[in-house]
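Peer 1: Predicted model follows, preceded by the sequence.
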Amino acid sequence: MFALRGKRGKRVRHLDGAAAVDVDGARVLPRPLRRVVRFFVSLGAGRIRFPAYTGTLSAIAFFAATGFYGMSLGGHTQNFAQASTTAAGFAIEDVKVSGNDQTSEIDILQQLGLDGTTSLVALDIAEARKLIAEMPWVQGVTVRKIYPGTIEVSLTERKAFGIWQHGSDLSLIERSGSVIAPLRDNKFAALPLFVGRDAETAAADFYDEFSRWPEIRSRVKAFVRVAGRRWDLRLDNSIVVKLPEHDVARAMKVLSDMESQHQLLDRDIAAVDLRLEDRTTVQLTPDAVTRREVALKARDKMLKAQETEKKKEGRI
């Protein structure tokens, strides 16, 4: 039998330190194991007493720990926390949104998945901010919990600068050219329209340059990017103004002077080509071409008639 203490004789240790042995040959347990053995001996002898209901509480704690461990393995911890805190009166009952103009409160509720039973305690604020920040118009967002059942959402929204047409699609863009969202209705119809590849990134600088010619800019229906290098202006009466790649200011001064002196943009023309520095080309509409041809034929006919008349008078 192992001795708990070597009272009957001196203990000696082997040089390797593996075990302690009394002089009478009885082995002595290491010190940590002696305490464990003494505890179980006292427990078996009845010298140790536990408070009442210790066994019941221990069983409950054991089963609770087992249940939590199982929920953790099954991924149901969040659901349990939400259900328990909701039942305790922490259900989200109110969402206060500020700073929103284009983002509706209903969209925010749907984005967060709030259904009236979501617990404020179980709501992950960082995840809520991330979800709201993914919404098209949101530039910045803060989310706060106000117990027992309110969320405060403060938004900073992006500003629409213009409409970008790429192919058959229409999108709202910022000044930087970043796309905000597809154009869904006529709410933003007053914004300038930019058409073509790369038009969205060059739009703001080009549009600002036209502030020097407000009368003409107000008549532009669309700014069309051509080959990623230059612009055409499509006016409200369908006239196309072709601008050069460089020195747009010179071309616009020529157009402005022609408009003020001859009301060029109110005439029956299809296009004005300002790409060449030494000349301006005006293209007539098909109807104007037809009318011009008729007028030229009528003039030629009249001239021939006058010439014939003069010849007759000369013979007389």
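Peer 2: Yep, that arrived.
Peer 1: Quick one: end-to-end length of stretch 99-114, please.
Peer 2: 20 Å (Cα to Cα, to the nearest Å).
Peer 1: what's next to it, contact-wise?
Peer 2: Contacts of stretch 99-114 with the rest of the structure, by Cβ atoms under 8 Å, 6 or more residues apart in numbering, involve 92, 95, 97, 118, 128, 131-132, 134-135, 137-138, 153-157. All C-beta spots, glycine's among them, are computed from the backbone N, C-alpha and C.
Peer 1: Sort out which residues of it are buried, please.
Peer 2: Neighbour counts using 16 or more other Cβ atoms under 10 Å place 100, 102-103, 107-109, 111-112, 114 of stretch 99-114 among the buried residues.
Peer 1: Spell out the residue ranges of the helices in the stretch 201-316 of the chain.
Peer 2: Remark: helices of the stretch 201-316 of the chain, listed N- to C-terminal, are 214-217, 248-262, 286-315; assignment by DSSP state H, counting those that start in this stretch.
Peer 1: out of these, nearest to residue 279?
Peer 2: helix 248-262 (10.1 Å; Cβ to Cβ).
Peer 1: Show me the shaky parts of the stretch 201-316 of the chain.
Peer 2: 288-289, 291-296, 313-316 (pLDDT under 70).
Peer 1: Backbone dihedrals for residue 176, please?
Peer 2: Note on residue 176: backbone dihedrals following degrees, to the nearest 10 are phi -70, psi -10.
Peer 1: go on, the one 3 residues further on?
Peer 2: Main-chain torsions, residue 179, degrees, to the nearest 10: phi -80, psi 130.
Peer 1: Give the bridge partners for it, please.
Peer 2: Counting by DSSP bridges, residue 179 is bridged to residue 173.
Peer 1: Might one say that it is in contact with residue 164?
Peer 2: Yes. Residue 179 is within contact range of residue 164, at 7.1 Å (criterion: Cβ atoms under 8 Å).
Peer 1: okay, these two: which has more neighbours?
Peer 2: Comparing residue 179 with residue 164 by other Cβ atoms under 10 Å, the one with more neighbours is residue 164, at 25 against 14.
Peer 1: Find the helix or strand that that one is a member of.
Peer 2: In this assignment (DSSP states H and E), residue 164 forms part of strand 162-166.
Peer 1: Specify the residue ranges that define each domain of the chain.
Peer 2: Residue ranges of the domains in the chain are recorded as 11-45, 77-157, 162-284, according to automatic domain parsing.
Peer 1: could I get those as TSV with distance to residue 307?
Peer 2: Supplementary listing: those in TSV, determined by distance: least, Cβ to Cβ, whole Å:
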stretch	distance to residue 307
domain 11-45	135
domain 77-157	73
domain 162-284	29
